[in-house]
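Asker: requesting a structural model of the entry that follows:
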Amino acid sequence: MISPIHIGAHAFDVQYALTAEQKRKGLMFVEDMPDNHGMVFLYPKQSVTKFWMRNTLIPLDMLFFDKDMKLVHIENSATPHDLSPRGPNTPVCIVVEINGGMAETLNIQMGEILSLNRPYKCLH
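Answerer: Down below sits the predicted model:
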């Protein structure tokens, strides 16, 4: 199911990865994604979270948000199939994946606030 979110003033249509299996699969094997689409990974508690690009066919920007839904880290244009762990060494609650290069194209900046279309609270 596609749902809208906002990162600052920018709108995206996303799917949510809520189950362990959905989080494990993420955007693996996706061959093409519209510019304003992405995937949101919600975590119930803050933690240091790393992502990699196993079986991912398209470059992705990975946006990491803290408990206040503030953007604290951007991984720009992660390379497909790269198994290097990506992400900050500080705890986060939410990760949003969008097409590689979109954060730069849209001038998405650190500190931007994420607005979800659903209730969500991350524990410390």
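Asker: excluding covalently adjacent residues, which one is nearest to residue 53?
Answerer: The shortest distance from residue 53 to any non-neighbouring residue, by Cβ to Cβ, 6 or more residues apart in numbering, is to residue 82 (4.6 Å). (C-beta placed from N, C-alpha, C; glycine too.)
Asker: the protein: strands as residue ranges?
Answerer: Under the criterion DSSP state E, strands of the chain are mapped to 3-7, 10-17, 37-47, 60-65, 71-78, 92-99, 114-115.
Asker: just checking, what packs against the second one?
Answerer: In this structure, strand 10-17 makes packing contacts with strand 3-7, helix 20-25, strand 37-47, strand 92-99, judged by 3 or more Cβ pairs under 8 Å, 6 or more residues apart in numbering; DSSP states H and E.
Asker: and what of the fourth one?
Answerer: Under the contact criterion of 3+ Cβ pairs under 8 Å, 6+ apart, strand 60-65 touches strand 71-78, strand 92-99, helix 102-105.
Asker: got a pLDDT number for the residue positioned nearest the centre of the chain?
Answerer: Closest to where the C-alpha atoms of the chain average out (Cα atoms, centre = their mean) is residue 96, at 1.4 Å. In this model, residue 96 is scored at 98, pLDDT.
Asker: give me the number of residues near the closest residue to it other than its chain neighbours?
Answerer: Counting by Cβ to Cβ, 6+ apart, residue 96 lies nearest to residue 63, which is 4.4 Å off, once chain neighbours are set aside. Number of residues near residue 63 (other Cβ atoms under 10 Å) recorded here: 27.
Asker: what sits against the residue nearest to residue 54 when sequence neighbours are not counted?
Answerer: Once flanking residues are discounted, residue 54 sits nearest to residue 83: 5.9 Å by Cβ to Cβ, 6+ apart. By Cβ atoms under 8 Å, 6 or more residues apart in numbering, the contact list for residue 83 reads 52-54.
Asker: residue 94 too?
Answerer: 40-43, 64-65, 69, 114, 120, 122.
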